[in-house]
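> turn this into a structure:
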Amino acid sequence: MRILTGILAISLAGQALAQEAKSKLEVSAAHDTSLTKGVDLYLRYFAVCHGKDGKGGGPAAAALKATPTDLTGLAQSKGGKFPVGAVRQLLGGGSSTPAHGSEEMPIWGPVFRAMNPNQSIAKLRVDNLVRYLESIQAK
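Numbers count the residues shown, from 1 in each chain. Sure, this is the predicted structure:
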């Protein structure tokens, strides 16, 4: 129940952020289950905590117990190589390691599968998010 409440709060906050970003990017409605582009998924579900720039300063960050991770430094923290497999596993729900974040952070694989029972669509969403996160790494 706690995770579901957190997901709802993040979704609502994500909607507000998406409205702000709408002038720059075409963003689908929150109930749109066809959303698959990495940048759109990021803006909808991640930017509320991690910020539009991925550095951890989203509008909901101050309300969280743990500071959101700076997602632009994932490669730098791994010697300059983006950890594709680890990020995919963490986003998809295949890991229970503390690196995933606090209990406040949803595991997105099950959320994406709930949006559309087609497993290949859920996998596509996770893969596109991974590619987007790789694209925003600090140089």
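
> going forward, measure contacts and count neighbours with C-alpha atoms only.
OK.

> can you pull out the helices in the protein?
2-21, 38-41, 47-50, 84-92, 108-115, 119-135 (DSSP state H).

> what's the least confident stretch among the ones you listed?
Lowest mean pLDDT within those: helix 2-21, at a mean of 50.

> residue contacts, the nearest residue to A61 once chain neighbours are set aside?
Nearest residue to A61 in three dimensions, chain neighbours excluded: C49, at 4.9 Å (C-alpha to C-alpha, 6 or more residues apart in numbering). Neighbour list for C49: 56-61, 68 [criterion: C-alpha atoms under 8 Å, 6 or more residues apart in numbering].

> just flag the most distant two among the residues you listed.
Largest separation among those by C-alpha to C-alpha: P59 and P68, giving 11.0 Å.

> the two: which is more packed in?
Each of P59 and P68 has its neighbours counted (other C-alpha atoms under 10 Å); P68 has more, 22 against 17.

> just give the closest residue to that one, not the sequence neighbours.
G56 is the one closest to P68 (C-alpha to C-alpha, 6+ apart), at 4.8 Å.

> that neighbour - how many residues pack around it?
G56: 22 neighbours (other C-alpha under 10 Å).

> over to G85?
9.
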